[in-house]
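Colleague: A predicted structure for the sequence below; I have some questions about it.
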Amino acid sequence: MSSEPGPRTSTGGDAPIRLLTGWGRTSATAARVATPRSVEDVAALLADPPPRGVIARGLGRSYGDAAQDAGGLVVDCTGLAPQLTIDTEHGIVTASAGLSLDRLMRDLVPAGWFVPVTPGTRFVTVGGAVAADIHGKNHHVDGSFGAALLGLTLVLPGGKVVKVGPEPGEDPALFWATVGGMGLTGIVVDATFRCLPVETSRMRVDTERAANLDEALALMTATDHRYHYTVAWIDLLARGRAVGRSVLTRGRHAQVAELPRRSRVTPLAFDPQARLAAPPWVPAGLLNPVTVRAFNELWFHKSPGGRVGRRAEIQGLAEFFHPLDGMSGWNRLYGRRGFVQYQFVVPYAGVDALRSIVSDLAAAGVASFLAVLKRFGPANPAPLSFPMPGWTLALDLPLGDTRLAGMLRDFDARVVAAGGRVYLAKDSTLSAELVPAMYPELAAWRKVRDRVDPSGVLASDLARRLEL
C-alpha cells in the first residue's frame, strides 16, 4: 500500500546548521537539521535531498554516530504531529515516530498497558526503537522491539509513503530490513505494535549478589526462566577470585494484591521525575579507577548477600528500568572528552570470549561506571538486528585512556571469532571489514536497501564509516 508525496513544503536547504554528536558526546559533525511537522514535510525533504544525503534523528540517544550526517541533512523527527492511538481492549498502539517511550508510558501505564520493550532509558523515540531494534531486560521472554511490531509507515527516497508489515503482501523484506536498519531504508513516521498488560505501575523484584562472573552466569542460566525481566550489574574492577562479581536484579510486574495497602488506591499511577541534573561542566577525570572503585564497593555491598538475597521487593517502574533517567544529562559526568559505550553479544557456546574480556578489563583497571550483563533469547528475521541467543555485555568506557582503542580492536576480534557481534546503535569504533562477519545477512539487507534507495540518499556517518 502506498501513496504519492503531498505538496512540497521544504527542501531543507534553509535549515540551520548544527553540530551533532551521539549520547557519548564524541566525533561531532555539522549538518543542516530540519524539523518537519507532518508526513508531507518528510516526503518533501526526501523528494529533493542534498548531495550528502539524509538521515533521521530522534532524541539523540544512540551513543555513536548513527544519527549524524556530516555535510548532509538530518531530519529531526521529534516535531512530527504527535499521533497516538491506543486500543485499550487489545493493547494495540499506533504512535508517531517522534514520540518518546516516556510520553507513551505516561499514557499507557494508567490505562493498564506497558511498552513491549524498553532499554535503559525512556528517552528514546518510537522511530529510534525501530531503527535500532531496541532490546531490554525481557529479551529472553519477549524478544526485541521488532517482535511486537505489526506495521510501519515509511517515507522512501523520492518521497513515496508506504505501509509495510511482517505478513505476506506487506513487503516483509522491507519491513525486516527497516527493523534494526539504522534508518537507512526509509524514514519511519509511525509504528503499530502490541503492548503488555499490567495491573500496576510497580515491579516485584528479587536482588542478590554473585561472588564472581562464573557464579553470575550459573545463577542466570539456572533461574532466569522464572523471571520476566533480568539483568546483572558487573564490577569490572574486581580482581582475583572476585573477577566479575555481580548484583543480579530480576523481577516481574507486580499485581494489585502484592502492593502495600496504601498503594492499592492508585495502582497504575505513573509520573516519574528527574530528581538530579548533571552540571553543565564536569572536571576531566571525575570518573576514574579510584572513584569508580569506590562506587562499585558501595553498590556491591549495599546489595543483599547470602543465598536468599532480597526477595519480593516492590519497586517503581522508573527505579527498576530507568535508574539513570533520574539524573538528567548524566552523560556529562564523563567530561568533555565523552565516552564510548561498547556492547557485544556472543553465543552461549562462545562464553569464554566474555570471560576473557571481563578478565582483561579487570586486569587493566579500566574504569567502567556502568557494566550490565543480560541473556538473549531467539533472534528475529531482521538482517541487522543485534540480539541473538547468547550473553550480551554493555559497558561505558571514558575516553582518555590511550589503551582503549587497541583493547576494543582486540575485543572485536574475539567477538567475531566466537560468532558474536557488536551493537551498531552504540558503536563508534568498529572497523568496516568486521561487519560482514558479525552480520552475515548484510548482503540480503543491502539488496533491499538498494531496491528502495538505489541512489544512496539515506546516509549517515555510521553508514559511511562501516561501508554499509
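Modeller: Sure thing, it's come through. Because the structure is a prediction, the values reported are computed rather than measured.
Colleague: so who does the residue lying farthest from the centre of the chain touch?
Modeller: Residue farthest from the centre of the chain, counting by CA atoms, centre = their mean, is Arg261 at 35.5 Å. Contact partners of Arg261, counting by CB atoms under 8 Å, 6 or more residues apart in numbering, are absent. Backbone N, C-alpha and C define where each C-beta goes, glycine included.
Colleague: which stretches of this protein have low pLDDT?
Modeller: Flagging of the chain using pLDDT under 70 yields the residue ranges 1-11, 281-287, 292-293, 295-296, 299, 305-308.
Colleague: mind checking the SS state of the residue positioned nearest the centre of the chain?
Modeller: By CA atoms, centre = their mean, the chain has its centre lying nearest to Ile134, at 4.5 Å. Following DSSP: H, G, I helix; E, B strand; the rest coil, the label given to Ile134 is coil.
Colleague: Would you mind listing the outside residues contacting stretch 94-101?
Modeller: 56, 58-59, 77-85, 104, 115, 118, 122-127, 129-130, 187-193.
Colleague: Near the residue lying closest to Tyr227 once chain neighbours are set aside, how many residues? Count them for me, please.
Modeller: Nearest residue to Tyr227 in three dimensions, chain neighbours excluded: Arg250, at 3.9 Å (CB to CB, 6 or more residues apart in numbering). Applying other CB atoms under 10 Å, we find 23 residues neighbouring Arg250.
Colleague: to the chain's geometric centre, what's the distance from stretch 414-422?
Modeller: 19 Å (CA atoms, centre = their mean, to the nearest Å).
Colleague: Check stretch 419-430 too.
Modeller: Per CA atoms, centre = their mean, the centroid offset for stretch 419-430 relative to its chain is 12 Å.
Colleague: now swap in stretch 436-456 and tell me
Modeller: 22 Å.
Colleague: Ends of it, what's the gap?
Modeller: Stretch 436-456 has an end-to-end distance of 19 Å (CA to CA, to the nearest Å).
Colleague: swap in stretch 162-180?
Modeller: Span of stretch 162-180 from end to end, CA to CA: 18 Å.
Colleague: Need the residues that contact it.
Modeller: In contact with stretch 162-180 (CB under 8 Å, 6+ apart) are residues 1-2, 130-133, 144-146, 149-154, 156, 185-186, 188, 380-386, 424, 445, 448-449, 451-452.
Colleague: Produce a PyMOL select command limited to the buried residues of the residues you listed.
Modeller: A single PyMOL command selects the buried members of those (16 or more other CB atoms under 10 Å):
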select buried, resi 130+131+132+133+144+145+146+149+150+151+152+153+154+156+185+186+188+380+382+383+384+385+386+424+445+448+449+452
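Colleague: Now do the SS call for Trp391.
Modeller: Trp391 ends up strand, using three-state DSSP.
Colleague: Tell me who's in contact with it.
Modeller: So Trp391 contacts Leu217, Val345, Val346, Tyr348, Val351, Leu354, Leu373, Lys374, Arg375, Phe376 (CB under 8 Å, 6+ apart).
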